[in-house]
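J.: no sequence on this one, just coordinates:
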């Protein structure tokens, strides 16, 4: 028995556009992650290798160890710079909550709305001993 196969439908322009947009986002996310991880390894791997060498042989000069430690600290300092450069959502969030980065027309979020959003504690029914029992 042969099962007749349905003719394949050509991909619509909308689905192609969605696929292209999705692949561009995935590529950008991969690039951002690659840059962040690459910088992390370049900055911290020498520190950890030197730390193990120091524990084994004790032959690492203190000044060199300090330079590698500060290289790692510089990497941590670069993260807040890298994230806004490559991530639009992060940039928008920072602009919303930091006064120096806010656009002139945007309203300032209130402290109450921030605490309610962060605590996941919207309005609740009062809990009493009678309700619990």
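T.: Ah, there it is. Quick caveat: nothing in here was measured; it's all calculated off a predicted structure. Numbers count the residues shown, from 1 in each chain.
J.: which ones are touching the closest residue to residue 78 other than its chain neighbours?
T.: Spatially, and ignoring its direct neighbours in sequence, residue 78 is nearest to residue 39 (6.4 Å; C-beta to C-beta, 6 or more residues apart in numbering). Glycine gets a C-beta too; all of them are placed from N, C-alpha and C. Residue 39 sits next to 75, 78, 82 when contact means C-beta atoms under 8 Å, 6 or more residues apart in numbering.
J.: what distance do you get for residue 34 to residue 86?
T.: 10 Å (C-beta to C-beta, to the nearest Å).
J.: so between those two, which is more surrounded?
T.: Each of residue 34 and residue 86 has its neighbours counted (other C-beta atoms under 10 Å); residue 86 has more, 15 against 10.
J.: show me what contacts that one?
T.: Contact analysis of residue 86 by C-beta under 8 Å, 6+ apart lists 28, 31-32, 35.
J.: can you do 6 Å?
T.: residue 32 (C-beta atoms under 6 Å, 6 or more residues apart in numbering).
J.: run a quick neighbour tally on residue 80.
T.: Residues lying near residue 80 (other C-beta under 10 Å) number 10.
J.: what helix or strand does it sit in?
T.: Following DSSP states H and E, one finds residue 80 within helix 62-86.
J.: pLDDT of that helix, averaged?
T.: Mean pLDDT, computed over helix 62-86, is 87.
J.: let me know the next secondary structure element after it.
T.: Next in sequence after helix 62-86, counting helices and strands by DSSP H and E, comes helix 88-97.
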